[in-house]
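Asker: just the structure for this:
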Amino acid sequence: MILRAFAPSDRDWLIARHRSLYGAEFGFTPDFGDSIADKLDAFLARPDPAKRLWIAEETGQRIGSIAVSSRDGSAFLNFVLLEPSARGRGLGHHLMQPALDHARSHGFTRARLETYSCLTAARALYRAHGFAIVDSEPGWRRFGQVFDRELWQRRL
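Answerer: Numbers count the residues shown, from 1 in each chain. As a prediction, this is how the structure comes out:
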């Protein structure tokens with residue numbers, strides 16, 4: 001797997017894969033993809049010297065993504081995605097480590113991310129990298145589902 005910088009041509013792929021995978025795996029309605037599009041466009045437009053978005057590729061095919069930006073004095077991770085065909089081989093760890101290293105190199109002392117209680121594999125990855133839940137909003141109703149919205153954090 002290689003990580004490369006996000007290119008404008010990756011935008012539609014990233015949105016479509018979030019919409020498709022979250023729909024198939026968690027029953028999320030298509031408005032989830034709209035939410036990702038809004039977040040991605042805001043991320044891309046926001047001036048932030050710490051901002052970085054990577055696309056993971058394997059044999060020339062996109063298989064994942066991860067982003068880091070500055071939010072409220074912390075490094076904030078977002079757009080964490082790994083194609084089902086790429087899971088179970090430790091590639092999630094190869095996505096996380098450069099993002100955390102990048103955050104450290106920009107002087108952040110903590111990293112944060114938002115996730116949902118239904119994302120058990122993602123939550124296991126975050127836990128393995130030292131993240132822990134610091135806030136939770138139970139019974140969040142969104143994208144045609146009910147789940148807990150969680151904020152996770154770790155020291156860097």
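
Asker: checking the residue nearest the centre of the chain next. Helix, strand or coil?
Answerer: Most central residue of the chain, judged by C-alpha distance to the mean C-alpha position with CA atoms, centre = their mean, is residue 80 at 2.3 Å. Assigned with DSSP: H, G, I helix; E, B strand; the rest coil, residue 80 falls in the strand class.

Asker: and the strands in the chain?
Answerer: With DSSP state E, the ranges of strands along the chain come out as 2-5, 52-58, 61-71, 74-82, 110-116, 132-142, 145-155.

Asker: out of those, nearest to residue 44?
Answerer: When the strands of the chain are compared for distance to residue 44 using CB to CB, the nearest one is strand 52-58, at 7.9 Å. For the C-beta atoms, the positions are set from N, CA and C on the backbone; glycine is no exception.

Asker: related to what we said a few turns ago, can you give me the pLDDT of the residue nearest to the centre of the chain?
Answerer: The predicted local distance difference test score for residue 80 is 96.

Asker: for it, which non-adjacent residue is closest in space?
Answerer: Distance criterion CB to CB, 6 or more residues apart in numbering; nearest residue to residue 80, sequence neighbours excluded, is residue 66 at 5.1 Å.
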